[in-house]
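K.L.:
coordinates for the following, if possible.
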Amino acid sequence: MKLHQLKYIHEVARQGLSISAAAEALHTSQPGVSKQIQMLEDELKLQIFQRNGKRLTGITEPGRHIVKLAATVMLEMQNIKRVGDEFAKVETGTLTIATTHTQARYKLPTAVKQFIEMYPHVKLNIHQGSPNDVTAQVANGEADIGIATEAISLDDRLLCLPCYEWNRCVVVPKGHRLIDAIPITLAKIASFPLITYDFAFTGSTTVSKVFHDAGVMPNIVLSAIDADVIKTYVSLGLGVGLIANMAYDEERDKDLVRIDCSHLFPASTTYLGVRKDAFLRGYLYGFIELLAPKFGRREVDEALKSYRNS
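P.N.:
From the prediction side, this is the model:
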């Protein structure tokens, strides 16, 4: 059994059973990946993947256990490299952050700017996606840290620290009838076409529940994960927008009017998540503290220790 064979099956599983995509991600050849997987299966005397001709169609029962163990091996290899770099006092490396568009656009810039100034030799990658995407990337070791609302805190593999709370506002074009309808209600919002985040994305499950519990059915004409897209279509007069308060910029959005509606919805919490079993480089502690100053290295280590001992 070779380490690169485990790496290959891990990547094939991660790429949805596409050998060609795995080969491209690993910068090797498709026949080479297929051959090494077959050699490992021959050595173990079992099939890891189900096949239809040359195409992989699924993962066998023993294969699921092997793929899971291979993922653990890959993570521990990353940890070994990080330990070596950390104790060699090498402040170089890569920090990969998975987050949602709203957090990346409106909440992270200050912390990112400070981080780059403090750690100029660390390459910073930011991946954007839904909270579920963010959670999966951190849990699978594709990202070092995830920043998202609510959903990320539900994964038992992650240590999640509460960063800050936020609520929502309605945005409308100047002169819109809703401006004179203050205080606004759910019914008043629902009387207009609504443009908001997709109900599968950040905080929107909370929004959906609030409307449902009140017996009010909003007329959602368009949904998006990008607050800037929502504001663009509101500006075109296609409906009223329901967005995170942080996504309204008085200078950039001066053609729109913001109406606070935090009295209608419970506050949402943005969490910062890392794998409980990951080795954290010094600069990762640094980024955490920049984004959430109450969580210094000692506080993060204590939280990790309590999780690992539970």
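
K.L.:
flag every buried residue along the strand or helix carrying residue 110.
P.N.:
Per DSSP states H and E: residue 110 is located in helix 109-118. Of the residues in helix 109-118, 111-112, 115 count as buried by neighbour count, 16 or more other Cβ atoms under 10 Å. All C-beta atoms are positioned from the backbone trio N, CA, C, and that covers glycine.

K.L.:
partners of whatever helix or strand comes next after it in the sheet?
P.N.:
On the C-terminal side of helix 109-118, the nearest following helix or strand under DSSP H and E is strand 122-128. Partners of strand 122-128 in the sheet, by DSSP bridges, are strand 93-99 (parallel).

K.L.:
for the partner strand, which outside residues touch it?
P.N.:
82, 85, 108, 115, 119, 122-129, 133-134, 137-138, 142-148, 281, 283-284, 287 (Cβ atoms under 8 Å, 6 or more residues apart in numbering).

K.L.:
wait, residue 151 touches residue 133, no?
P.N.:
No: using Cβ atoms under 8 Å, residue 151 is not in contact with residue 133, being 9.8 Å away.

K.L.:
just say helix, strand or coil for the closest residue to residue 170 other than its chain neighbours.
P.N.:
Setting aside the residues directly before and after it, residue 170 is nearest to residue 259 in space (Cβ to Cβ, 6 or more residues apart in numbering), at 4.4 Å. Secondary structure, DSSP: H, G, I helix; E, B strand; the rest coil: residue 259 is strand.

K.L.:
wait, what's in contact with residue 259?
P.N.:
Residue 259 neighbours (Cβ under 8 Å, 6+ apart): 169-172, 178-179, 182, 184.

K.L.:
mind putting the residues you listed into TSV with pLDDT and neighbour count?
P.N.:
Formatted as TSV, those follow (pLDDT from 0 to 100; neighbours: other Cβ atoms under 10 Å):
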residue	pLDDT	neighbour count
169	95	18
170	96	26
171	97	24
172	97	20
178	94	18
179	93	14
182	84	11
184	93	17
